[in-house]
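Colleague: Can you look at this prediction? I've put the sequence above it.
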Amino acid sequence: MDHGLNGRPAQLSLRRYGADGDAHAHDDFDQIVLPRRGVLEMEIDGRGGRVQAGQAALVRCGTRHAFAADGDNLFVVANIGADLIAPFETLRDRAFLPVNAPVRGLLDFVCGDAARQVEDEVAVLWAPLLLRALAAGGPEPDPRLARAAALIERDFARPLGVGEMAAEAGMSQSRFFASFAAAFGRSPHAQLADTRLRAAQGLLSDTRLSIAEIAVRTGHADQSALTRAMKARLGVTPARWRRGARG
């Protein structure tokens, strides 16, 4: 449960959710919930929807909402004060917002650290950029592509080919590949690799599983494949990431 901003214009955190989120409301801030891994079912003022790849949620101050998620998940939660969101009032007219390429870039930045609470200094700079990026808008995510993105989030640990993803979306492979890249700013293969890597980061931070076991559980061929992926993307080995996450 959130306990207010205590005079801060914004607060950021990385959160995981379970299946038992009680309905509640925030009295002194708006809240934006952004996808990083998994799917969060939300009901906001009686309207149902999902926070998932391509879609975020905005909960207005004083609005009752409930949520639930299954399995491994991770979301970025931004609590935004009234003065900060005032220039972007039109965002508050919609409970669910598309996640465009600038927003994805901001998520990549803020999730680069294993910390669960983001420093106030970062939040104060990051939140206005988020609001501007969301206000720039973008097309509503194609529900067919959203189904494919959800498949990646759900089944990243097993082999997934473009053929299966395209079938989930009900498209030909060539059309799916082009449409997915246009909607999400990356290829289906890149989205799958990113999802696997984020899942590995979470297990390295939060479990004592061996690196080899984590590699298998997150869809990497072996420990060497995970090590290559982390060094290429993050510049660190899994062992070094784990040491840094645990301080």
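Modeller: Structure's in. What do you need?
Colleague: my read is residue 191 is in a strand, agree?
Modeller: No. Secondary structure of residue 191 (DSSP: H, G, I helix; E, B strand; the rest coil): helix, not part of a strand.
Colleague: Let me see the contact set for the closest residue to it other than its chain neighbours.
Modeller: Leaving aside its sequence neighbours, residue 191 sits nearest to residue 152 (C-beta to C-beta, 6 or more residues apart in numbering; 5.6 Å). In this view, the C-beta of every residue, glycine as well, is placed from N, C-alpha and C. Listed by C-beta atoms under 8 Å, 6 or more residues apart in numbering, the contact set of residue 152 reads 53, 160, 165, 188, 191, 192, 195.
Colleague: could you dump the residues you listed to CSV with neighbour count, distance to residue 172 and secondary structure?
Modeller: CSV is the format used below for the contacts of residue 152 (neighbours: other C-beta atoms under 10 Å; distance: C-beta to C-beta, whole Å; DSSP: H, G, I helix; E, B strand; the rest coil):
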residue, neighbour count, distance to residue 172, secondary structure
53, 24, 21, coil
160, 21, 17, coil
165, 25, 12, helix
188, 25, 13, helix
191, 21, 18, helix
192, 22, 19, helix
195, 24, 23, helix
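Colleague: Spatially, which two of these are the most separated?
Modeller: Largest separation among the contacts of residue 152 by C-beta to C-beta: 53 and 160, giving 13.9 Å.
Colleague: Show me where the protein has its strands.
Modeller: All strands of the chain, identified by DSSP state E, fall at 10-15, 21-24, 30-37, 40-44, 47-51, 55-59, 65-68, 74-80, 96-98.
Colleague: quick one: which of these is nearest residue 122?
Modeller: Nearest to residue 122, of all these, is strand 10-15, at 7.0 Å by C-beta to C-beta.
Colleague: How about residues contacting that closest one?
Modeller: Contacts of strand 10-15 (C-beta under 8 Å, 6+ apart): 5, 29, 36, 74-81, 84, 110-111, 115-118, 120, 122-124, 126-127.
Colleague: Let me know the outermost residue of the protein.
Modeller: residue 172 (27.2 Å; C-alpha atoms, centre = their mean).
Colleague: Using the record's domain definitions, break the chain down for me.
Modeller: As given by automatic domain parsing, the domain ranges for the chain are 10-136, 143-245.
Colleague: As TSV, these with mean pLDDT would be great.
Modeller: What follows is the domains of the chain, written out as TSV (pLDDT from 0 to 100):
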stretch	mean pLDDT
domain 10-136	88
domain 143-245	91
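Colleague: Test my guess that the residue farthest from the centre of the chain contacts residue 166.
Modeller: Yes. The pair residue 172 and residue 166 qualifies as a contact (C-beta atoms under 8 Å) at a distance of 6.5 Å.
Colleague: what sits against the nearest residue in space to residue 236 that is not next to it in sequence?
Modeller: Using C-beta to C-beta, 6+ apart and skipping residues adjacent in sequence, the residue nearest residue 236 is residue 230, 6.1 Å away. Residues counted as contacts of residue 230 (C-beta under 8 Å, 6+ apart) are 197, 200, 236, 237, 238, 241.
Colleague: give me the number of residues near the last one?
Modeller: Translated: residue 241. By other C-beta atoms under 10 Å, the residues close to residue 241 number 19.
Colleague: What residues does it make contact with?
Modeller: Neighbouring residues of residue 241 by C-beta under 8 Å, 6+ apart: 114, 201, 204, 205, 230, 234.
Colleague: Other residues contacting stretch 44-55?
Modeller: 33-35, 38-43, 57, 59-60, 63-65, 75, 95-99, 141, 145-146, 149-150, 152-153, 183-184, 191.
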